[in-house]
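Q: structure of the sequence below:
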Amino acid sequence: MKVALVFVVACSGGGVPPTTGSGSGTPPATSGPCEGARAKVEQLYRTEAEAKEPKHVDGAVADNTQMVMIDCAKEPAKVAACINSISTIAELEAKCLRPIDDEGTEGTELK
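A: You can find the predicted model right below:
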């Protein structure tokens with residue numbers, strides 16, 4: 001009987017409030033320098049995807065934009081200013097983002 005009582009108490013999760021949110025796994029949109037640069041990033045990636053991946057435009061734009069927004073969130077003022085100064089994806093990835101190595105992991109920090 002004691003074992004059953006301990007089990008019920010341990011599994012009840014009492015005192016832990018439920019979480020709220022959209023459940024989408026992506027952070028909510030916020031205002032700020034990164035969100036101000038989002039439209040430009042989306043437009044640049046959309047142009048590239050329409051030329052290179054016409055069947056996967058929306059997915060490519062969403063994935064690449066999310067990657068940029070993650071980098072931007074780490075240094076918003078610096079990355080957003082950089083985004084506003086470039087005009088191509090090549091410039092964006094070379095000048096504004098952390099490099100990704102051959103294994104697909106982030107490289108060194110921007111200086």
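
Q: and the longest helix along the chain, what's buried?
A: In the chain, with assignment by DSSP state H, the single longest helix is helix 33-52. For helix 33-52, a neighbour-count test (16 or more other Cβ atoms under 10 Å) marks 33-34, 37-38, 40-41, 44-46, 48-49 as buried. Placement of C-beta: from N, CA and C, glycine included.

Q: who touches it?
A: 29, 56-57, 60-61, 64-65, 68-69, 72-73, 76-77, 79-81, 83-84, 88-89, 92 (Cβ atoms under 8 Å, 6 or more residues apart in numbering).

Q: now do it, average pLDDT.
A: The predicted model assigns helix 33-52 a mean pLDDT of 96.

Q: weed out the non-buried ones from the contacts of helix 33-52.
A: Buried, going by 16+ other Cβ under 10 Å: 57, 60-61, 64-65, 68-69, 72, 76, 79-80, 83, 89, 92, out of the contacts of helix 33-52.

Q: now the two most distant members of these.
A: Using Cβ to Cβ, the buried ones among the contacts of helix 33-52 span at most 27.0 Å, a distance reached by 57 and 76.

Q: and of the buried residues of helix 33-52, the nearest to residue 100?
A: residue 45 (15.3 Å).

Q: low-confidence ranges in the chain?
A: Residues of the chain meeting the criterion pLDDT under 70: 1-30, 102-111.

Q: mind listing the strands for it?
A: Assigned by DSSP state E, the chain shows no strands.

Q: can you show me the helices along it?
A: Shown for the chain, the helices assigned by DSSP H span residues 2-11, 33-52, 57-74, 76-85, 89-91.

Q: closest to residue 100 out of those?
A: Once the helices of the chain are compared by Cβ to Cβ, helix 57-74 is nearest, at 8.7 Å.

Q: got the contact list for the closest one?
A: In contact with helix 57-74 (Cβ under 8 Å, 6+ apart) are residues 26, 33-34, 37-38, 41-42, 45-46, 48-50, 53, 79-80, 83, 92, 96-98.

Q: how about the CA coordinates for it, as PDB?
A: Output of helix 57-74 as PDB, limited to C-alpha atoms (Å, rounded to 0.1, in the frame of the first residue of the first chain):
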ATOM      1  CA  VAL A  57      10.900  27.800 -52.200                       C
ATOM      2  CA  ASP A  58       8.800  28.200 -49.100                       C
ATOM      3  CA  GLY A  59      10.800  25.600 -47.100                       C
ATOM      4  CA  ALA A  60      14.200  27.000 -48.200                       C
ATOM      5  CA  VAL A  61      13.200  30.600 -47.400                       C
ATOM      6  CA  ALA A  62      11.800  29.600 -44.000                       C
ATOM      7  CA  ASP A  63      14.900  27.500 -43.000                       C
ATOM      8  CA  ASN A  64      17.400  30.000 -44.200                       C
ATOM      9  CA  THR A  65      15.600  33.000 -42.700                       C
ATOM     10  CA  GLN A  66      15.400  31.100 -39.300                       C
ATOM     11  CA  MET A  67      19.100  30.400 -39.400                       C
ATOM     12  CA  VAL A  68      19.800  34.100 -40.000                       C
ATOM     13  CA  MET A  69      17.400  35.200 -37.200                       C
ATOM     14  CA  ILE A  70      19.200  32.800 -34.800                       C
ATOM     15  CA  ASP A  71      22.500  34.400 -35.500                       C
ATOM     16  CA  CYS A  72      21.000  37.900 -35.400                       C
ATOM     17  CA  ALA A  73      19.500  37.200 -32.000                       C
ATOM     18  CA  LYS A  74      22.900  36.600 -30.600                       C
END
